[in-house]
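# Give me coordinates for this.
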Amino acid sequence: MNATKTVYLSKKGMKELKKEVARLERERTEALTLLRELDKTDGHDERLARSEQLASLEVIDSEIADKRMTLTHAKLFPRKRDAFRVAIGSVVDLLDTQGRIVRYRLVESIEANPSDGRISIKSPLGQKLLGKQIQDIIEWSAGVRTNRLQLVSIG
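Below you'll find the model as predicted:
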């Protein structure tokens, strides 16, 4: 990650990221405890298990460092957003060709979870939505199929 790049997160995204760091820290503590136990043994299998545990600990430490770096550069979405154009943090209602309304919040990739209604600004749909206004038609390709939605509201 670029050290000066600000990452915008929703309150939910910020909370999830902090919970993930806490979970990883607990996992790290457990890994260190197991490593200390393995240090007390001499067998070949235990040495192999110790090597695997060290590798696991390195992965956990790396993940913690990455997530802490993200938290360092994370800011909550701006409170005031343009209600006339889609931007990061916007909640949009889209009308599909069958007349169903779909609601999404545009977020950074780290927070994206389409099943929870949060799509990345870097996804094909997210990229097409940025800067759009109410009543605009959004079209994007998914393989051989072209998807078409109409923007009906921005919140």
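
# Grab the nearest non-local neighbour of L94.
Residue nearest to L94 in three dimensions, not counting chain neighbours: L149, with 4.1 Å by C-beta to C-beta, 6 or more residues apart in numbering. Yep, even glycine has a C-beta here, placed from its N, CA and C like the rest.

# So this protein: which segments form each domain?
Here the domain parsing of the chain from automatic domain parsing is 7-76, 91-154.

# Same list (the ones you listed) but as CSV, adding mean pLDDT.
What follows is the domains of the chain, written out as CSV (pLDDT from 0 to 100):
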stretch, mean pLDDT
domain 7-76, 88
domain 91-154, 90
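
# State the phi and psi torsions of A74.
Main-chain torsions, A74, degrees, to the nearest 10: phi -90, psi 140.

# Measure how buried it is and give me the count.
Residues lying near A74 (other C-beta atoms under 10 Å) number 19.

# name the helices or strands packed onto the strand ranked longest in the chain?
Determined from DSSP state E, the single longest strand within the chain is strand 145-154. Helices and strands touching strand 145-154, as assessed by 3 or more C-beta pairs under 8 Å, 6 or more residues apart in numbering; DSSP states H and E, comprise strand 91-95, helix 124-129, strand 137-142.

# please redo it, this time with the cut-off set to 6 Å
Counting contacts by 3 or more C-beta pairs under 6 Å, 6 or more residues apart in numbering; DSSP states H and E, strand 145-154 packs against strand 91-95, strand 137-142.

# any idea which of the ones you listed is most buried?
Greatest average neighbour count among these goes to strand 91-95 (a mean of 18), per mean count of other C-beta atoms under 10 Å.
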